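Enquirer: quick one: sequence plus predicted model below, questions after.
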Amino acid sequence: MEKKLTPHEILSDKNNATCICPDTDCEWHGNCDDCITLHRYHATIPSCLEIELKNKKDIDVDHINAVFKNKSNARCQDEQNYFY
């Protein structure tokens, strides 16, 4: 069984801190704090996270993006679709 890493172990590994976004021409490429702040403001998913989400079988990224684009504060009106 694979050992679960602690948050400190994950953050101390330089391989986990490398920007994986394919949009290398982006002004914020490699500056994840600013990138995520901007995406949160615009209620969109950063490309790097979209790639990771698409690799998950149970997640419909297109649906998540549609919710973010169509609902303020990334919420659907019915309670079962809240995103926290």
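Expert: Arrived safely.
Enquirer: in this structure, which residue is most central in space?
Expert: Centroid-nearest residue in the chain, with CA atoms, centre = their mean: L49, separated by 3.5 Å.
Enquirer: where does this structure have low pLDDT?
Expert: When residues are selected by pLDDT under 70, those of the chain lie in 1, 57, 67-84.
Enquirer: starting from H39, give me the distance back to the residue nearest to the centre of the chain.
Expert: Separation of L49 from H39 (CB to CB, to the nearest Å): 8 Å. Glycine gets a C-beta too; all of them are placed from N, C-alpha and C.
Enquirer: what of K4?
Expert: K4 is 28 Å from H39, where distance means CB to CB.
Enquirer: compare the two and say which is more crowded by neighbours.
Expert: Set K4 next to H39 and count neighbours by other CB atoms under 10 Å: H39 wins out with 18 against 7.
Enquirer: not counting sequence-adjacent ones, nearest residue to L11?
Expert: Distance criterion CB to CB, 6 or more residues apart in numbering; nearest residue to L11, sequence neighbours excluded, is A17 at 7.3 Å.
Enquirer: repeat for C48
Expert: Distances taken as CB to CB, 6+ apart place C21 nearest to C48, at 4.2 Å, with adjacent residues excluded.
Enquirer: please, where are all the helices along the chain?
Expert: Per DSSP state H, the chain carries helices over the ranges 7-12, 32-42, 47-54, 61-70.
Enquirer: deepest of the ones you listed, which one?
Expert: Most buried of the helices of the chain, by mean neighbour count (mean count of other CB atoms under 10 Å): helix 47-54, with a mean of 15.
Enquirer: got the angle for that one vs helix 32-42?
Expert: Put simply, helix 47-54 runs at 70 degrees to helix 32-42, going by axes from the mean of the first three to the mean of the last three CA atoms, to 10 degrees.
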